[in-house]
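>>> sequence-free structure coming up:
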């Protein structure tokens, strides 16, 4: 996947490995990225498998794409106090978080499809990738109505997100057939 590797190299300049100390009340921390530390991603790799690590990197790199395109500005005009359901979190999120989650799910689906097409995954990894791909697609399409109904996109942001919608729609049948 040379084009994907090139894209990630252009976006991710530094990977900071972190570990967490958590109590029973805390959620697990997988990773983070921000426009304000451009090019850095923070990953809690712990006991991550190669497939999990590929998804973590793709996840954080996917956040960097809209951050960079919007020069750190929000994708929407929604009030940050408004809350909506999100595919990756149990707690209601601001639209900015929901939109990023949906976009990231599309990018993670792309990475999994490319990995499956590479024929480099072991049989167990292929099964796991197929399950995760189905989960990412379901979460994306479960979230899409919330985004389309409630997001007040900035003009450039709609263009960015529309690409994710086109990709997920174009590959919907293909992913089900795998």
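Done, it's in. Here the structure is a predicted model, which means the values were calculated and not measured.

>>> List phi and psi for residue 93.
In terms of degrees, to the nearest 10, the main-chain angles of residue 93 are phi -120, psi 160.

>>> All the helices of this protein, in order from the start?
With helices called from DSSP state H, the chain shows them at 2-11, 50-69, 95-118, 123-150, 155-170, 172-177.

>>> Any chance of a markdown table for those, columns mean neighbour count?
From N, CA and C alone the C-beta is placed, and that goes for glycine too. Shown next, in a markdown table, are the helices of the chain (neighbours: other C-beta atoms under 10 Å):
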| stretch | mean neighbour count |
| --- | --- |
| helix 2-11 | 13 |
| helix 50-69 | 19 |
| helix 95-118 | 21 |
| helix 123-150 | 16 |
| helix 155-170 | 15 |
| helix 172-177 | 11 |
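
>>> Nearest the geometric middle of this structure, what residue?
The residue lying closest to the centre of the chain (C-alpha atoms, centre = their mean) is residue 104, at 1.9 Å.

>>> how close does that one sit to residue 127?
Going from residue 104 to residue 127 by C-beta to C-beta, to the nearest Å gives 23 Å.

>>> try residue 8
Residue 8 is 25 Å from residue 127, where distance means C-beta to C-beta.

>>> was I right about residue 12 contacting residue 62?
No - counting by C-beta atoms under 8 Å, residue 12 stays clear of residue 62, with 10.6 Å between them.

>>> wait, what's in contact with the residue lying closest to residue 51 once chain neighbours are set aside?
Computed as C-beta to C-beta, 6 or more residues apart in numbering, the closest residue to residue 51 that is not its neighbour in sequence is residue 125, at 5.2 Å. Applying C-beta atoms under 8 Å, 6 or more residues apart in numbering to residue 125 gives the contacts 49, 50, 51.

>>> try residue 167
Residues near residue 167 by C-beta under 8 Å, 6+ apart: 106, 109, 110.

>>> What of residue 153?
Residue 153 sits next to 75, 76, 77, 161 when contact means C-beta under 8 Å, 6+ apart.

>>> Thanks again, I'm all set now.
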